[in-house]
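Student: Based on what follows, work out the 3D shape:
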Amino acid sequence: MAPYIAIHCGLFDYQGDHLQRILQDWVGLAFSNRDFLETGIFLSACRNILSKNPGDPVLTRMALQYKQRSIRSLRQALNVSPGILSFAIAIALALDEQRFGELEIAQQHFQGVHVIVETNGGIQSLGLSELLERMYWRHAYNAFNVPIKDHTNTERRLMGQI
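Tutor: You can find the predicted model right below:
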């Protein structure tokens with residue numbers, strides 16, 4: 001289950017532009033990494049089901065466990081080598097919090113994503129897929145006004161400035 005907000009947020013140029021990218025980039029990363037599978041797919045699915053069954057104690061406990069494991073995985077990934085995995089986990093956590101109204105927490109995750117980008121020498125040096133890069137510019141820059149320096153033409157194009 002790809003994040004609802006990633007599919008319905010205007011990241012893509014035209015209807016149908018996103019399906020291949022979501023499957024290849026988001027779901028593909030989840031299949032190749034258990035930590036991201038729990039964050040990007042299981043947490044999102046659990047929270048989505050929970051939104052339709054509020055107060056369900058089993059789903060609430062599962063969502064909290066997925067979130068706790070996701071934060072632990074993010075910390076471990078940051079300690080080893082901040083890169084694509086830590087970037088994707090932090091984006092997934094931020095989108096989850098944003099979708100369910102925890103905007104302050106989402107902003108903290110997006111600011112963490114920005115630190116990952118800056119620590120690695122900028123967005124281009126991370127080697128992100130176009131989907132992850134679009135998610136960064138759409139959410140971290142536009143939604144939360146995280147200060148971003150030195151936009152390349154590619155970054156400005158993805159943000160719709162050129």
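
Student: ok, which stretches of the protein are helices?
Tutor: Counting by DSSP state H, one finds helices in the chain at the ranges 4-7, 19-21, 28-32, 34-36, 44-52, 57-80, 84-99, 103-119, 123-126, 130-135, 153-158.

Student: What is the third one packed up against?
Tutor: Meaning helix 28-32. Here helix 28-32 touches helix 84-99, going by 3 or more C-beta pairs under 8 Å, 6 or more residues apart in numbering; DSSP states H and E. In this view, the C-beta of every residue, glycine as well, is placed from N, C-alpha and C.

Student: just how off-centre is the helix it packs on within its chain?
Tutor: Centroid displacement of helix 84-99 relative to its chain, using C-alpha atoms, centre = their mean, to the nearest Å, is 3 Å.

Student: now the angle from that helix to helix 57-80?
Tutor: Helix 84-99 runs at 140 degrees relative to helix 57-80, counting by axes from the mean of the first three to the mean of the last three C-alpha atoms, to 10 degrees.

Student: So what touches helix 84-99?
Tutor: Identification of contacts with helix 84-99 by C-beta atoms under 8 Å, 6 or more residues apart in numbering yields 3-6, 29, 33, 35-36, 39-40, 43-44, 47, 67, 70-71, 73-74, 77-78, 103, 105-107, 109-110, 112-113, 116-117, 126-128, 132, 135-136, 139-140, 143.

Student: most tightly surrounded among the helices of the chain?
Tutor: Among the helices of the chain, the stretch with the highest mean neighbour count (mean count of other C-beta atoms under 10 Å) is helix 84-99, at a mean of 24.

Student: just to revisit the earlier point, the helices of the chain into TSV, with extra columns for mean pLDDT?
Tutor: What follows is the helices of the chain, written out as TSV (pLDDT from 0 to 100):
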stretch	mean pLDDT
helix 4-7	52
helix 19-21	68
helix 28-32	81
helix 34-36	86
helix 44-52	89
helix 57-80	92
helix 84-99	89
helix 103-119	87
helix 123-126	86
helix 130-135	82
helix 153-158	46
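
Student: quick one: pLDDT of Glu102?
Tutor: pLDDT for Glu102: 89.

Student: Tell me which residues touch Arg75, please.
Tutor: With C-beta under 8 Å, 6+ apart, Arg75 has no contacts at all.

Student: If anything else comes up later, I'll come back, but that's it for now.
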